[in-house]
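K.L.:
Pasting the sequence and the predicted coordinates here, then a few questions.
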Amino acid sequence: MNNSNSNNNDSGTDYDRVLQLNQLLSSYRSPTAMFNEEQNANIPPSHHELFFVTTHQATELWFRQLGFEIDSIIELFHQLLEDEGVGLTIIRRIKRCCNILQAITQNMNTLTTLHSTEYLEFRNVLGSGSGMQSEQFRLFEIKLGLKKVSHCGHIN
């Protein structure tokens, strides 16, 4: 890939343009930098912050795709009585969902390379943030039938 164009999608490759890489790759902000701005502090950032944030952002992108696939499967189930031919499409999309869940699991497993002492280098700047606050994960749970919200009460 030619990196000379990666900062300008207008003159970049179609790959850059279609994936909106400039926007995607520039969206990262160091949690420590944000904390420093908010608290008027001067804590040095940890080397491991980008890894931690990237892992969680990638998971959120997969959750988005998973929700899209589940919505389409639900819609296809409504069509199934009128058109049995959609059954194969449903099966293929369910298989895609299984593969996405495997990708999410593998992605999150990369966090096992982050030692607890490395995580503690920046944990205090994350505030009360938790993966349980993922709205997309909660929507995924709801789509699959889990209605109990006590573990994530901020999402209705």
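P.N.:
Nice, I can see it. Keep in mind the model is a prediction, meaning the values are calculated, not measured.
K.L.:
contacts and neighbour counts: CA atoms only from here.
P.N.:
Noted.
K.L.:
Poorly predicted segments of the protein, please.
P.N.:
By pLDDT under 70, the weakly predicted segments of the chain are 1-11, 148-156.
K.L.:
Tell me where it has helices.
P.N.:
With DSSP state H as the criterion, the chain has helices at 14-19, 21-25, 31-39, 49-79, 86-109, 116-120, 135-143.
K.L.:
out of those, which comes closest to Gly127?
P.N.:
With CA to CA, the closest approach to Gly127 among those belongs to helix 31-39: 8.9 Å.
K.L.:
re the thing from before, next, format the helices of the chain as a markdown table and append mean neighbour count.
P.N.:
Formatted as a markdown table, these follow (neighbours: other CA atoms under 10 Å):
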| stretch | mean neighbour count |
| --- | --- |
| helix 14-19 | 14 |
| helix 21-25 | 14 |
| helix 31-39 | 15 |
| helix 49-79 | 16 |
| helix 86-109 | 15 |
| helix 116-120 | 12 |
| helix 135-143 | 17 |
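K.L.:
right, and these - which one's nearest Leu126?
P.N.:
Nearest to Leu126, of the helices of the chain and by CA to CA, is helix 31-39 at 6.5 Å.
K.L.:
what about the closest one, distance to the chain center?
P.N.:
For helix 31-39, the separation from the chain centroid amounts to 22 Å (computed by CA atoms, centre = their mean, to the nearest Å).
K.L.:
ok, back up a step: take the helices of the chain and write them to JSON lines, including distance to Gly129.
P.N.:
What follows is the helices of the chain, written out as JSON lines (distance: least, CA to CA, whole Å):
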{"stretch": "helix 14-19", "distance to Gly129": "28"}
{"stretch": "helix 21-25", "distance to Gly129": "21"}
{"stretch": "helix 31-39", "distance to Gly129": "11"}
{"stretch": "helix 49-79", "distance to Gly129": "12"}
{"stretch": "helix 86-109", "distance to Gly129": "16"}
{"stretch": "helix 116-120", "distance to Gly129": "14"}
{"stretch": "helix 135-143", "distance to Gly129": "12"}
